[in-house]
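Trainee: structure of the sequence below:
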Amino acid sequence: MTSTPAPTTVPTPASTRTPPPLTVGFDLDMTLIDSRPGIHAAYLALSAETGVPIDADLAVTRLGPPLDEELAHWFPADRIAEMGDRYREIYPTHAIKPTPLMLGAREAVAAVQALGGRAIVVTAKHEPNAKLHLAHLGVEPDEVIGWLWAEAKGEALREHGARVYVGDHIGDVRGARTAGALSVAVPTGPCDEAELRAAGADVVLSDLLAFPRWLRSYVADAPEGPVADLA
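Mentor: Predicted coordinates for the structure are as follows:
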């Protein structure tokens, strides 16, 4: 009696695999939203509540790094965790309504989604507050991941298969490079074009109004089209 040979599995050629969707990550503060008015108001409220002087004008010139780094300028080390929790609690009351979108932000997210891609937000901001901002402003990314900074952003970008990360800070450039993603920078936050380029940004755009055109060009020039196989 002869046995039937087991069927052999023929590998699918790379050229016929279904490519993953184009995924583009965006930072939030000073990239998609001008968070200065809201953060300024939240710091003033925290100062009034605690009696501790906080120079809110100065604080909003160095947005990007985690909240604890800013609070360390105003509170002793043993109060930073407590003050961070309190800031996040009062933040929705004071910061959501006065915060506008950055120029071109809505169009940038829409440009990714119009190509069948996924637009994700990866931010150092407390995730629930990040989501409140986007909902208030009517921007609907495919996912929001919060409380990550610099290289830690890279871990989330890699997990979600992001090919591009757009941000305004050298920490965002570091996150993109950690993920092996293309770093697209906009000098709309505390870092100017020279700083962003020195940090290793691959592309620097004047603002997000330039992003949709850049993205179409990037997709057209990709080796395998808009959703090139990253495997």
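Trainee: how close does residue 197 sit to residue 66?
Mentor: As judged by CB to CB, to the nearest Å, residue 197 and residue 66 stand 24 Å apart. No exception for glycine: its C-beta is placed from N, CA and C like everyone else's.
Trainee: same check, this time on residue 41
Mentor: Taken as CB to CB, the span from residue 41 to residue 66 is 20 Å.
Trainee: could you do residue 195 as well?
Mentor: Plainly put, residue 195 is 19 Å away from residue 66 if you go by CB to CB.
Trainee: with residue 186 instead?
Mentor: Computed as CB to CB, the residue 186 to residue 66 distance reads 21 Å.
Trainee: quick one, strands of the protein?
Mentor: Counting by DSSP state E, the chain has strands at residues 23-26, 118-122, 143-145, 164-167, 182-185, 203-204.
Trainee: mind putting these into TSV with distance to residue 85?
Mentor: Listed next are the strands of the chain as TSV, based on distance: least, CB to CB, whole Å:
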stretch	distance to residue 85
strand 23-26	26
strand 118-122	22
strand 143-145	20
strand 164-167	26
strand 182-185	32
strand 203-204	36
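Trainee: tell me which of residue 186 and residue 66 has more neighbours.
Mentor: Taking neighbours as other CB atoms under 10 Å, residue 186 and residue 66 compare with residue 186 leading, 32 against 18.
Trainee: which one of the strands of the chain lies closest to residue 130?
Mentor: Distance to residue 130, taken as CB to CB, is lowest for strand 143-145 among these, at 5.5 Å.
Trainee: list the contacts of the most centrally placed residue in the chain.
Mentor: What sits nearest the mean C-alpha location of the chain, by CA atoms, centre = their mean, is residue 27, with 2.0 Å. Residues in contact with residue 27, defined by CB atoms under 8 Å, 6 or more residues apart in numbering, are 121-123, 153, 165-169, 172.
Trainee: how deep is residue 71 tucked in, by neighbour count?
Mentor: For residue 71, using other CB under 10 Å, the count is 23.
Trainee: surely it and residue 84 touch.
Mentor: Yes. Residue 71 is within contact range of residue 84, at 6.0 Å (criterion: CB atoms under 8 Å).
Trainee: where in this protein is pLDDT low?
Mentor: Within the chain, the ranges that satisfy pLDDT under 70 run 1-19, 223-231.
Trainee: roughly how far apart are residue 117 and residue 163?
Mentor: Noted for residue 117: a distance of 9 Å to residue 163, by CB to CB.
Trainee: need the overlap of contacts for those two.
Mentor: Residues touching both residue 117 and residue 163 (CB under 8 Å, 6+ apart) are 22-24.
Trainee: from these, which single one is nearest residue 92?
Mentor: residue 24 (27.2 Å).
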